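Trainee: Structural data only, the sequence is not supplied:
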Ligand code: MEV
């Protein structure tokens, strides 16, 4: 399967769907999962409370991705113009090597808080001594996970406050759980709830909160890519663009105000994949930003370095995702997204989402560092306004070109231009 679908963006939707089926090998009937109304109100009503309807987003495919030696069609659900185009363009520049990833074991952290511990040192020693037995208690609660090679694997104790204080001495137990292909929130929460009373008794304190941590710093993914100068820019401009992108990276490394925007550009790609595949993107967002700030300063999740004749990028971030459970039970579009991308386990989903993030970061830095991002945005915006005014086929580009040229990208103007072009084509 090749993810190189040249000119995909120029095709009409029907033709794009045909090419997508050809590339993915899926039967036409599967695309019903992203047709309007595919998520029925009845199913939606079973997902959340107080449902009054469903809410749609554009569903698109970012092309050109090769990840760990295998091409992937990358599903994206996102409202922002230019994210899909940016990801596809950047992915093309990284070929033929593409993105290379390393995914850590899917270990989540559950937290059990214990308050009013008079002797936090004795309490933590007692908990460490009981760790093996507590883990055994936890393991019997998740036999199916253990059969799949996962389950509770470690227990750590941290002292958070010594008495006196409003909560007395405070400890927290971290339960490390290998969740395999599940995101794991439910699993981890259940285990923490089940162990909390025994943990508090051992520490001679009171049980407090029992809930997973979204700072999943053990469940990280690292993605790297390189772009040769010639792929970065034509006409011998490659080295200049390479310097400019490396300098933009250093800016983000030195300044949290810039790092926040730099990371937003990464999350453009990551979140679009997470939304399309039915993931808890808020959990990933929370983890990403906490991880970015883990040294005490807010830092970029991805950095770019210059080598002899190429640019090298590396993204490291926590990515708690699952290919079983969650919204995948009920959301037909999310299940199709996994199929289109050939994702059969959580590790591959993490690699794909992170690669999309490194790609959108690269595209943003390249645009910012060179011609300025506004032009590309305006072109896409102009096409959207042209379509909304009723332009179809080749008229979309012609109306958009006129709107961009006169700098007046407004619906009224688009209708005027369209009427004129229709009268005298
Ligand atoms: C816009 O959605 C994202 C950017 O601001 C990211 C960046 O500045 O790196 C373009």
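Mentor: All right, it came through fine. Fair warning: this is a prediction, and the values are worked out from it, not measured in the lab.
Trainee: C-alpha only now, for contacts and for neighbours.
Mentor: Noted.
Trainee: At which residues are the helices of the stretch 201-350 of the chain located?
Mentor: In the stretch 201-350 of the chain, the helices defined using DSSP state H, counting those that start in this stretch lie at 229-232, 238-254, 256-276, 281-292, 332-340, 346-369.
Trainee: most packed of those?
Mentor: Among those, helix 346-369 has the highest mean neighbour count (mean count of other C-alpha atoms under 10 Å), at a mean of 26.
Trainee: pLDDT weak spots in the stretch 251-400 of the chain?
Mentor: Across the stretch 251-400 of the chain, the ranges flagged by pLDDT under 70 are 372-377.
Trainee: if we go to 80?
Mentor: Filtered on pLDDT under 80, the stretch 251-400 of the chain yields the residue ranges 371-378, 380.
Trainee: For it, which residues are neighbours of the ligand?
Mentor: Contact residues, the stretch 251-400 of the chain versus the ligand (C-alpha under 6 Å from any ligand atom): 261-262, 264-265, 361, 364-365.
Trainee: at 8 Å what do you get?
Mentor: Residues of the stretch 251-400 of the chain lying close to the ligand (C-alpha under 8 Å from any ligand atom) are 258, 261-266, 268, 360-361, 364-365, 368, 373.
Trainee: could you redo these as CSV and give each row distance to residue 234?
Mentor: CSV is the format used below for those (distance: C-alpha to C-alpha, whole Å):
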residue, distance to residue 234
258, 28
261, 27
262, 25
263, 27
264, 28
265, 24
266, 25
268, 26
360, 20
361, 20
364, 18
365, 17
368, 17
373, 18
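Trainee: Neighbours of the nearest residue to residue 279 once chain neighbours are set aside, how many?
Mentor: Nearest residue to residue 279, sequence neighbours excluded (C-alpha to C-alpha, 6 or more residues apart in numbering): residue 321, at 6.3 Å. The burial count assigned to residue 321 is 30, neighbours taken as other C-alpha atoms under 10 Å.
Trainee: right, and residue 321 touches residue 348 too?
Mentor: No: Residue 321 is beyond contact range of residue 348, at 9.8 Å (criterion: C-alpha atoms under 8 Å).
Trainee: residues in contact with the closest residue in space to residue 199 that isn't next to it in sequence?
Mentor: Residue nearest to residue 199 in three dimensions, not counting chain neighbours: residue 127, with 7.1 Å by C-alpha to C-alpha, 6+ apart. Contacts for residue 127 (C-alpha atoms under 8 Å, 6 or more residues apart in numbering) come out as 157, 199, 202-203.
Trainee: Now for residue 127, which secondary structure element holds it?
Mentor: If you go by DSSP states H and E, residue 127 is part of helix 120-129.
Trainee: For the helix or strand where residue 158 lies, the averaged confidence score.
Mentor: Using DSSP H and E, residue 158 sits in strand 151-161. On average, the pLDDT along strand 151-161 is 97.
Trainee: Would you mind giving the domain segments of the chain?
Mentor: Here the domain parsing of the chain from automatic domain parsing is 8-103+221-370, 107-213, 376-423.
Trainee: looking at these, which is closest to residue 2?
Mentor: domain 8-103+221-370 (5.7 Å; C-alpha to C-alpha).
Trainee: tell me how far the ends of the closest one are from each other?
Mentor: 25 Å (C-alpha to C-alpha, to the nearest Å).
Trainee: tell me the contacts of the closest residue to residue 30 other than its chain neighbours?
Mentor: Leaving aside its sequence neighbours, residue 30 sits nearest to residue 336 (C-alpha to C-alpha, 6+ apart; 7.2 Å). Counting by C-alpha under 8 Å, 6+ apart, residue 336 touches 30-31, 33-34.
Trainee: State the distance from residue 193 to the ligand.
Mentor: Distance, residue 193 to the ligand, using C-alpha to the nearest ligand atom, to the nearest Å: 39 Å.
Trainee: Which residue does the stretch 101-250 of the chain have closest to the ligand?
Mentor: Closest approach between the stretch 101-250 of the chain and the ligand, counting by C-alpha to the nearest ligand atom: residue 248, at 8.7 Å.
Trainee: What pLDDT does the model give that residue?
Mentor: pLDDT, residue 248: 96.
Trainee: There's contact between it and residue 369 in this structure, I believe.
Mentor: Yes: the criterion here is C-alpha under 8 Å, and residue 248 meets it with residue 369 at 7.1 Å.
Trainee: Report the contact partners of the residue lying closest to residue 244 once chain neighbours are set aside.
Mentor: In space, not counting the residues next to it along the chain, residue 244 is nearest to residue 369; the distance is 5.5 Å by C-alpha to C-alpha, 6+ apart. Each residue near residue 369 by C-alpha under 8 Å, 6+ apart is listed here: 241, 244-245, 248.
Trainee: What ranges does the protein have for its strands?
Mentor: With DSSP state E, the ranges of strands along the chain come out as 59-67, 70-77, 100-103, 107-117, 151-161, 169-178, 206-212, 220-228, 302-306, 310-318.
Trainee: mind checking which of those strands is nearest residue 341?
Mentor: Closest approach to residue 341 among those is made by strand 70-77 (5.0 Å; C-alpha to C-alpha).
Trainee: For the closest one, give me every contacting residue.
Mentor: Contacts for strand 70-77 (C-alpha under 8 Å, 6+ apart): 1-3, 24, 57-66, 84, 269, 272-277, 337, 340-342, 352, 356.
Trainee: Just give me how far it sits from the chain centre.
Mentor: Chain-centre distance of strand 70-77: 12 Å, with C-alpha atoms, centre = their mean, to the nearest Å.
Trainee: For it, which residues meet the burial criterion?
Mentor: Residues 71-77 are the ones in strand 70-77 that count as buried (16 or more other C-alpha atoms under 10 Å).
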